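Peer 1: below are the sequence and a predicted model for it; my questions follow.
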Amino acid sequence: MTNWRWWLCSLLFVATTVNYLDRQVLSLTYEEFIKPEFHWTDANYGTITSFFSIFYAIACLFAGKFVDWMGTKKGYLIAIGVWSGGAVLHAACGWATAHLTGMDSVAAMRAVEVGSNAALAISTTSVYLFLLCRGILALGEAGNFPAAIKVTAEYFPKKDRAFATSIFNAGASVGALAAPLCIPPLAKAFGWEWAFIIIGGLGFIWMFFWAFMYDKPEDSKHVNEAEIEYIHQDDAAEAAEKAALASEKSIPMMQCFKYKQTWAFITGKFFTDGVWWFFLFWAPSYFSNQFHAPATSGLGQGLIFTLYAIVTVISIFGGYLPKLFVEKKGMHPYSGRMLAMLIFAFFPIAALFAQPLGIKFDNPWWPAILIGLAGAGHQAWSANLFSTIGDMFPKSTIATITGIGAMAGGIGSMIIQKVAGNLFTYAENAGSAFRFMGFEGKPAGYFIMFCFCGLAYLIAWSIMKSLVPKYKPVEV
């Protein structure tokens, strides 16, 4: 039997890695390169990250339908082509801003007096240009996971799909780990524009391999009859399952909002998705501002790498804990999942101590480790939160509820990013006049955000538990 399916799985892994690399270039070049060049404030950056969050969530609602309509090969090619093009386009924002504002060069923009009308014109123009590029990036990136999951369904039998998915999904962690090691050095050596061009260009290289390597199993010259038979071993069972689903009543989208179970899932996504995006977008800036550890320094790279290494290692156990409760303790799957989520909801409380311990000991490794624990808690929480949909809703409605939740998470993330940017700008301008729990100025702003991030999961779990106190599946 040939094993071409695993070569395609490796391509999915690379695509997911590139996906996460592309979205992190901005956060790792913002503080040292982009912010001073375009005279941005944190409020400007918060606007851009909040827009990306909500636009990505909206695009996710339609990405799956688009991939199904175009087909796996063309759909994936278009998705990664769009997001790679959007990533590379970021590099032109400097030239375009200089041209639109009448500046002779990018160097002339940087030399403009801070707070002047010219600086305001540069920041405003550049923000709109970056919003356009982030929108294109989000539009394309939304197609990655639907396309990758579709490939695993086409090339793997049911018993192998979870393993194949875990392999390509590991690209998200690898991308998060690789980003601080490669993006800041590229920006420092060649300019921030080349960081976007080089990282974005990886997607175009991937497209070349995908175009020549992917065909449906029956049409691929690399797949023999034995592998095709192995891939399709579940066809009879899946046909019966599809027939059963066809007879199962589906719940219209608007009717879904009548159920407390829907609002429980919405609550879980709304309060917590933005926490993960906050850490992803703001951690490099935090270490640079608070501890003078820019992303281009060895210390800055080590801090971000350590943070995501902790997330990667600990979050692996997120799916194991409820299984332990069910198999060893005899608990109902939903009850075991909710108990596991309660345990993981305590992990982000570590973020409450990141700022106090980091400042007290003047050591950035405390925040890196504690934020890493909070991030690991989020990933484990999120994995179990998605599983509650299957516990409570019929299969015919799972995709609808997932889309509603994704939108709720996008709205919550948009609010958090926008509030964070405005808060940091206000706190920095107010200086010692702005105080919170013993901190002044921008450090006080960071501590306020960490307080919310630390408590968001317990708030969400409490509301979810009040809405659905015990296991109660939706009956149609």
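Peer 2: Good, I have the coordinates. Just so it is clear, the structure is predicted and the values come from calculations on it, not from any experiment. Residues are numbered from 1 along each chain as shown.
Peer 1: give the buried residues for the helix or strand hosting residue 403.
Peer 2: Taking DSSP states H and E as the criterion, residue 403 maps to helix 395-430. Within helix 395-430, the residues that count as buried by 16 or more other C-beta atoms under 10 Å are 396-397, 400-414, 416-428. Glycine gets a C-beta too; all of them are placed from N, C-alpha and C.
Peer 1: state the mean pLDDT of the strand or helix carrying residue 239.
Peer 2: Residue 239 belongs to helix 235-247 when assigned by DSSP H and E. Average pLDDT, helix 235-247: 66.
Peer 1: likewise stretch 104-115?
Peer 2: Averaging pLDDT along stretch 104-115 gives 86.
Peer 1: and residue 445, how far from residue 115?
Peer 2: From residue 445 over to residue 115 the distance is 20 Å, taken as C-beta to C-beta, to the nearest Å.
Peer 1: of the two, which one has the most company?
Peer 2: residue 445 (23 against 9; other C-beta atoms under 10 Å).
Peer 1: show the pLDDT at the more buried one.
Peer 2: 96.
Peer 1: which intervals of the stretch 101-250 of the chain have sub-threshold pLDDT?
Peer 2: Filtered on pLDDT under 70, the stretch 101-250 of the chain yields the residue ranges 162, 238, 241-249.
Peer 1: can you map out the helices along it?
Peer 2: Under the criterion DSSP state H, counting those that start in this stretch, the stretch 101-250 of the chain contains helices at 106-110, 117-141, 144-155, 158-190, 192-213, 225-231, 235-247.
Peer 1: most centrally placed residue in the chain?
Peer 2: residue 277 (6.2 Å; C-alpha atoms, centre = their mean).
Peer 1: and the protein, what are its domains?
Peer 2: 12-214, 251-476 (automatic domain parsing).
Peer 1: residue 233 is nearest to which of the ones you listed?
Peer 2: Nearest of those to residue 233, taken as C-beta to C-beta: domain 12-214 at 4.9 Å.
Peer 1: that closest one: how far from the chain's middle?
Peer 2: Mean-position distance between domain 12-214 and its chain equals 12 Å (C-alpha atoms, centre = their mean, to the nearest Å).
Peer 1: now the terminal residues of it, how far apart.
Peer 2: One end of domain 12-214 to the other measures 11 Å (C-alpha to C-alpha, to the nearest Å).
Peer 1: stretch 295-304: which residues count as buried?
Peer 2: Here stretch 295-304 shows 295, 296, 297, 299, 300, 301, 302, 303, 304 as buried, counting by 16+ other C-beta under 10 Å.
Peer 1: cool, and stretch 306-319?
Peer 2: Neighbour-count burial for stretch 306-319 [16+ other C-beta under 10 Å]: 306, 307, 308, 310, 311, 312, 314, 315, 316, 318, 319.
Peer 1: and the helix or strand where residue 374 lies, what does it pack onto?
Peer 2: Here residue 374 sits within helix 365-392, counting by DSSP H and E. Where contact means 3 or more C-beta pairs under 8 Å, 6 or more residues apart in numbering; DSSP states H and E, helix 365-392 is packed against helix 260-291, helix 298-315, helix 320-329, helix 333-345, helix 354-360, helix 395-430, helix 441-467.
Peer 1: who are the packing partners of the helix holding residue 403?
Peer 2: By 3+ C-beta pairs under 8 Å, 6+ apart, helix 395-430 packs against helix 42-70, helix 253-256, helix 260-291, helix 365-392, helix 441-467.
Peer 1: what residues sit buried inside the shortest one?
Peer 2: For helix 253-256, a neighbour-count test (16+ other C-beta under 10 Å) marks residue 256 as buried.
Peer 1: can you check the longest one too?
Peer 2: Of the residues in helix 260-291, those with enough neighbours to count as buried (16+ other C-beta under 10 Å) are 261-291.
Peer 1: before we move on, the earlier item: between the buried residues of stretch 295-304, which is nearest residue 470?
Peer 2: For those, the nearest to residue 470 is residue 304 (41.5 Å; C-beta to C-beta).
Peer 1: compute the distance between the closest one and residue 333, please.
Peer 2: In terms of C-beta to C-beta, residue 304 sits 36 Å off from residue 333.
Peer 1: what helices or strands is the next helix or strand after the helix holding residue 403 leaning on?
Peer 2: Going down the chain from helix 395-430, the next helix or strand is strand 435-436, by DSSP H and E. Where contact means 3+ C-beta pairs under 8 Å, 6+ apart, strand 435-436 is packed against helix 441-467.
Peer 1: wait, what's in contact with the nearest residue to residue 336 once chain neighbours are set aside?
Peer 2: Nearest residue to residue 336, sequence neighbours excluded (C-beta to C-beta, 6 or more residues apart in numbering): residue 325, at 3.4 Å. Contacts for residue 325 (C-beta atoms under 8 Å, 6 or more residues apart in numbering) come out as 331, 335, 336, 339, 340.
Peer 1: in stretch 177-195, what's buried?
Peer 2: 177-180, 182-184, 186-188, 191-193, 195.
Peer 1: show me which of those is closest to residue 345.
Peer 2: Within these, proximity to residue 345 (C-beta to C-beta) peaks at residue 177, which comes in at 25.1 Å.
Peer 1: any idea how far residue 51 is from the residue nearest to residue 61 when sequence neighbours are not counted?
Peer 2: Among residues not flanking residue 61 along the chain, residue 403 sits closest, at 4.8 Å (C-beta to C-beta, 6+ apart). Plainly put, residue 403 is 20 Å away from residue 51 if you go by C-beta to C-beta.
Peer 1: these two touch, right, residue 425 and residue 45?
Peer 2: No - using C-beta atoms under 8 Å, residue 425 is not in contact with residue 45, being 9.1 Å away.
Peer 1: who touches residue 209 in this structure?
Peer 2: residue 11.
Peer 1: make residue 1 into 6 and carry on from there
Peer 2: Understood, numbering begins at 6; the last thing we discussed is residue 214.
Peer 1: point out where the stretch 306-455 of the chain drops to low pLDDT.
Peer 2: By pLDDT under 70, the weakly predicted segments of the stretch 306-455 of the chain are 323-324, 400, 404.
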